[in-house]
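*Asks:* Below is the sequence, then the predicted model.
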Amino acid sequence: TGVTRVFWGRTEFNNVVDVANQTDLVDGDEEKLGQPMVNLSIVHDDWGIFDFYWLLGFRERTFPGEDGRLRTPLVVDTDSPQYSTDTSTADIDVGFRWQTAVTDELEMAFSIFSGVDREPGFSFNFDFTNPMLVPYYSHIDQFGLEAEYLYEGWAFKFEGITVQSERGDYESTVTGVEYTFNGLFQSDIDMTLITEYLWDSRDDISPGFLERDVGIGTRFAFND
């Protein structure tokens, strides 16, 4: 019981299943705000790990101010957020995640989340002397699946969600392949090549820019 950050996910460029904590866009696009919660974790030798979450209260997303970067062309009005009729900052959200090793090479996880959407929609305040975007939060029910298969130097990863929301139902997935070169040039350095495909059924109305894109990257582990 306390305030903590919980990570769900397998892939590198975008973790679509990671919904327990709120994103902090002031400190960086990968930073998360702490979430007050009660977490019961049950570990079973054969069946894996069962996590139950009671998320106590909702934290609104932080956004860069007028002098902040990077931000939207219009500043987000964080002082006047709007909520759907079935949500509020006092909501108690619930989550569940089961992760297990199917074989020595394959690990999977299944998750459920029901609560306030961490990703707000936006409307215009219609104040032409001080135009701003107004965040709007609604309730969602999210079902997520994660998988990771390891074979020698290869890693095959998948994350997918289906979401039921007042603003429209949608699906989003990330599929990736990684290959690791161990002991690069007879050194202690490992180099991993990463390729991932990101897809979102909302297409152009997706809140980010990763609705149908390919990510390519490299990760170095110096092992020092």
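*Replies:* Alright, I've got the coordinates. For clarity, every value in this text was computed on a predicted model and none was experimentally measured.
*Asks:* use CA for all of it now, contacts and neighbours both
*Replies:* Will do.
*Asks:* Quick one: residues contacting Trp199.
*Replies:* Contacts for Trp199 (CA atoms under 8 Å, 6 or more residues apart in numbering) come out as 172-174, 210-213.
*Asks:* same thing but at 6 Å, please
*Replies:* Taking CA atoms under 6 Å, 6 or more residues apart in numbering, we find Trp199 in contact with 172-173, 211-212.
*Asks:* Run through the strands of this structure in chain order.
*Replies:* Secondary structure of the chain by DSSP state E: the strands cover 2-4, 35-44, 48-56, 82-83, 92-101, 106-116, 121-124, 133-137, 139-151, 154-165, 170-181, 190-200, 212-221.
*Asks:* Show me which positions of the least confident helix or strand in the chain by mean pLDDT end up buried.
*Replies:* Every helix and strand of the chain was ranked by mean pLDDT, DSSP states H and E. The lowest is strand 121-124, at a mean of 92. Going by neighbour count (16 or more other CA atoms under 10 Å), the buried part of strand 121-124 is Phe122.
*Asks:* of the contacts of Trp199, the lowest pLDDT goes to which?
*Replies:* Lowest pLDDT within those is found at Glu211 (80).
*Asks:* can I assume that one is in contact with Asp200?
*Replies:* Yes - with contacts defined as CA atoms under 6 Å, Glu211 counts as touching Asp200 at a distance of 4.5 Å.
*Asks:* hmm, what's the outermost residue in this protein?
*Replies:* Here the centre of the chain is the reference, and by CA atoms, centre = their mean the most remote residue is Gln186, at 36.7 Å.
*Asks:* The closest residue to Asn125 other than its chain neighbours and Glu159: what is the separation?
*Replies:* Once flanking residues are discounted, Asn125 sits nearest to Met132: 5.8 Å by CA to CA, 6 or more residues apart in numbering. To Glu159, Met132 is 34 Å away according to CA to CA, to the nearest Å.
*Asks:* ok, these two, which is more surrounded?
*Replies:* Using other CA atoms under 10 Å, the more surrounded residue of Met132 and Glu159 is Glu159, with 27 against 20.
*Asks:* My read is that the more buried one contacts Ser172, right?
*Replies:* No - using CA under 6 Å, Glu159 makes no contact with Ser172, being 8.3 Å away.
*Asks:* related to what we said a few turns ago, please name the residues that touch the residue nearest to Asn125.
*Replies:* Neighbours of Met132 in contact, by CA under 6 Å, 6+ apart: 74-77, 125.
*Asks:* Go again with 8 Å.
*Replies:* For Met132, the contacting residues are 74-77, 124-126, by CA under 8 Å, 6+ apart.
*Asks:* Of those residues, keep whichever come out buried.
*Replies:* Buried among the contacts of Met132 (16+ other CA under 10 Å): 75-77.
*Asks:* of those residues, closest to Ala101?
*Replies:* The shortest gap between Ala101 and any of the buried ones among the contacts of Met132 belongs to Val76, at 42.7 Å (CA to CA).
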